[in-house]
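# 3D model of this:
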Amino acid sequence: MDNFYGKKINIWMQLPGFDRDKPDCGAAEYLEKIGFIPHSINALLFHMDIVHLHRGMETEYRLFPDNCSYYASPRNTERDAQPWTNYNLRTLAHNLKKAGTGLYASIMGSTLNNKFHDEWIYGHPEIHFAYRTGEGGINALKRFKDGGWYEDFFADKLCEMLVDYELDGVQLADGFCPMPGSRHDGDFSTDMFSQFTDHTGVTVPDHIKTQLGDDSSEAKTARGDWIWNTAREEWIRFYAWRWSKFFEKVCARVHAVGKKVIILGLYCTDPFETLYCLGMDLKGVVEAGVDYIMPNLLPTSVYMFWGVPGVKTPYFFHRYMAIAPVTAAYVPDGHFFSMLSVHDTTEEYDVLHHAPCKFERDLYTMMMYQNIEPDGKMRPSMEGLMLCLGDGLSEYDWNWISERISKSASLKAYDSVSPTIMWSDRAHDAMLAAYIKTRRFTDHKFIYEIFKAGAPFGSIVRSEDINNVNINGPLFVPNLDLCSDEEIKTLVKYNKAVVCIAPAGYDPAKYGFVSAACFTDPDSKYPMQVLIKGYDFDESYIDELKQLLVKDDTPELEGNPEDAAEHSNVLYETLAFSKVSLGFIKLCAAVLKKISGDQNGIECDAPMAAYKTGDNKYRLYLYCVHEDQYSHAFVRTKQNIERVDIITSYPVLPPRFMNELNTGFSSGYGDELQEKHAFKVNAPPGGVTIVDVVFK
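Here you go, the predicted structure:
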């Protein structure tokens, strides 16, 4: 069995990954092939009618084709889809449990227009999600025509199904949780609008009141426009409240029968995007009882899958990866399994075989981030993985994957050499109103844009803990003006380097916050400034930084920011933002890298995340600067190096020790050097090389 250092490895897979015709329905054969016992296996039963139309276990009957495979796909890479029965599914669950793992029922919210069976939802159209101009999928927060709650019906049927099949729990995924679209799109039906007004008590104008009961496209659009223009924040927070109430009820019943709840919850979105776009407060649903959340940090499959001929699709690696630390910081009591794209025969992508370097980069980065606990210890932001999907892979594939999971899980960080983010609940809460008014950069946006500019962050700490823990690198505060007075006073007492961003003109001097340097974006209608405290630059470096503040062709957000267009596809586009110039972002990245290098004595000309892992021992993540070419990372250190161990499978040869100026190319490995303070190592195209550096 592979050593995953205590990380919980979960597998999301279709039923064709098992063999219904075996006495144990293929449980033993599958576990032998993958070579380890996963924390859980999540069977992609796909259609929610596995719950809605569950008929008990008195007799054996066939499951619907769209429960036997994803979208009723005819096959995966190893076998044709088989006609599973209710008894087969129970047999599989029983044998997986006996082997030391558990089976979850994974369901989505898609509807297929009765293509493979008579779907429950078409007999209850009032539970459809009501877009402005149509209906589709399911809105689990709605009521039946008789006034009863769907969630009561769902919870009862769900518990019955979980117990009958001997399952460990349920995994609620795409189209169910989160539900379709964005909150700008709806649901603006009479039911949801009435729930909203009952909860908030907002005053509704007569021309909107008189349309209640009318769910035509015109009436729904009128309600939607009124809400978005006059009560947007209240609408978003209402949805967050409703989801929390939904899960309070569902989780209580599921837990009462000894089962658990996993949700997708977010959709490649950080906590703010998840609230604004999807109407879900991740902290609220965890407090309501959700056991696990699975952030889908899978930029490569999204990038590959959404390719359009003649159009350059954005690659959101930095954006998706930055979701990990901020989500774990916002919900410190949550349990997170990051989704890792492997392959999917139904969606027809294969990251494992078609983009292996990017697969490694996704895996190593999402498992790299650390959260600093109140006692100063570091814990990984993600406590495990959800491999997506895990059917149809060979034994060789599993050995390859397991080797890399083991390498990713082997990081035992004591301190972060890279910059540390300060998380503020107060700033997060205040961001909703501030964003609606100005479309300013969120914390997450600043973090991933700075990472993209060459300065990865290594860790994150909650604001109440910064003076109680040891932080080696500079502390980064992305929206200082939204922090509480108490948090800013805490930063004043903080005796190490702090790099803060706030709108131009904001002056925290009244709190005693004295900036050693300040730079303002010269190329924006809503300019931001960066304030640096606790670190003194020499004048020549300040002049060098100022050269970065040049105009660029990044477009300004036209018109009133509150009226900016909203995006419905959160995988591709999420939030509209006011302009922050590229030069300003580059300056922030340069400042953070400079301070980090000076304070810790390790510098790199490539993007580098670094951690202290023991006495005189550090782990470095060295990122390739090209997506389709190799690149060198040149590392300089103040301390004398004893050795450098390569952790990743590439490169094979040891790093080449160089002189500290990086002049010329060394044909040897620097064995003749008495003092070793610099080395060069290759990074694979679109990938990352990990090395351990041991100092004398």
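
# can you pull up the bridge partners for residue 12?
residue 42, residue 388 (DSSP bridges).

# wait, doesn't it sit right on residue 44?
Yes - counting by C-beta atoms under 8 Å, residue 44 is a contact partner of residue 12 at 6.2 Å. Heads up, the C-betas are built off the backbone N, CA and C, glycines and all.

# shouldn't residue 270 be in contact with residue 444?
Yes - between residue 270 and residue 444 there is a contact under C-beta under 8 Å: 3.8 Å.

# quick check: neighbours shared by the two?
322, 323, 326 (C-beta atoms under 8 Å, 6 or more residues apart in numbering).

# can you tell me the SS state at residue 427?
helix (DSSP: H, G, I helix; E, B strand; the rest coil).

# can you get me a residue count around it?
Residues near residue 427, counting by other C-beta atoms under 10 Å, number 23.

# and the pLDDT at it?
Note for residue 427: predicted pLDDT of 98.

# next: the one 5 residues further on.
According to the per-residue confidence, residue 432 scores 98 in pLDDT.

# and the gap between it and residue 482?
Noted for residue 432: a distance of 10 Å to residue 482, by C-beta to C-beta, to the nearest Å.

# so between those two, which is more surrounded?
Under the neighbour definition other C-beta under 10 Å, residue 432 and residue 482 were set side by side, and residue 482 has more, 21 against 18.

# list phi and psi for that one.
phi -90, psi -10 (degrees, to the nearest 10).

# and it, how far from residue 273?
16 Å.

# equivalent analysis for residue 696, please.
Computed as C-beta to C-beta, the residue 696 to residue 273 distance reads 46 Å.

# list the contacts for residue 162?
By C-beta under 8 Å, 6+ apart, the neighbours of residue 162 are 105, 169, 170, 254, 257, 259.

# residues near the first one, how many?
Right, the one you point to is residue 105. 26.

# so what strands line up beside the host helix or strand of it?
Following DSSP states H and E, one finds residue 105 within strand 103-107. Paired neighbours of strand 103-107 in the sheet (DSSP bridges): strand 40-46 (parallel), strand 169-172 (parallel).

# averaged pLDDT, that strand. What do you get?
pLDDT averaged over strand 103-107 gives 98.

# chain center to whatever helix or strand comes next after it: distance?
Remark: after strand 103-107, the chain's next helix or strand is strand 129-130, criterion DSSP H and E. Between the centre of strand 129-130 and the centre of its chain there are 26 Å (C-alpha atoms, centre = their mean, to the nearest Å).

# ok, stretch 551-564 next?
27 Å.

# what is the end-to-end distance of it?
23 Å (C-alpha to C-alpha, to the nearest Å).

# got the buried residues for it?
557, 561, 564 (16 or more other C-beta atoms under 10 Å).

# now do stretch 265-285
265-285.

# may I have it exported as CSV, CA atoms only?
Taking Å, rounded to 0.1, in the frame of the first residue of the first chain, the C-alpha atoms of stretch 265-285 are listed here in CSV:
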residue,chain,number,x,y,z
GLY,A,265,-20.8,23.4,-2.7
LEU,A,266,-18.5,25.7,-4.7
TYR,A,267,-17.9,25.5,-8.4
CYS,A,268,-14.3,26.5,-9.1
THR,A,269,-15.1,29.5,-6.9
ASP,A,270,-13.5,31.0,-3.8
PRO,A,271,-15.6,31.9,-0.7
PHE,A,272,-16.6,35.3,-2.1
GLU,A,273,-17.5,34.1,-5.6
THR,A,274,-19.3,31.2,-4.0
LEU,A,275,-21.4,33.7,-2.1
TYR,A,276,-21.9,36.3,-4.8
CYS,A,277,-22.4,33.9,-7.8
LEU,A,278,-23.9,30.8,-6.2
GLY,A,279,-25.6,32.2,-3.1
MET,A,280,-23.9,29.8,-0.7
ASP,A,281,-22.0,30.6,2.5
LEU,A,282,-19.4,27.8,2.9
LYS,A,283,-19.0,28.5,6.6
GLY,A,284,-22.8,28.5,7.1
VAL,A,285,-23.2,25.0,5.5
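
# SS state for residue 620?
Reduced to three states by three-state DSSP, residue 620 is strand.

# please apply the same query to residue 500.
Taking three-state DSSP, the label given to residue 500 is strand.

# residue 591 too?
Under three-state DSSP, residue 591 comes out as helix.

# roughly how far apart are the residue nearest to it when sequence neighbours are not counted and residue 128?
Closest residue in space to residue 591, ignoring its immediate chain neighbours: residue 499 at 5.8 Å, by C-beta to C-beta, 6 or more residues apart in numbering. In this view, residue 499 and residue 128 are 48 Å apart by C-beta to C-beta.

# residue 623 now?
Counting by C-beta to C-beta, the gap from residue 623 to residue 128 is 45 Å.

# out of the two, which sits in the busier spot?
residue 623 (23 against 20).

# still on that earlier bit, what residues are shared contacts of residue 12 and residue 44?
106, 389.

# returning to that earlier point: any idea what the residue nearest to residue 591 is bridged to?
The partner residues for residue 499, given DSSP bridges, come to residue 476, residue 532.

# could you pull up the contacting residues of it?
With C-beta under 8 Å, 6+ apart, residue 499 has these contacts: 419, 474, 475, 476, 477, 530, 531, 532, 588, 591, 592, 595.
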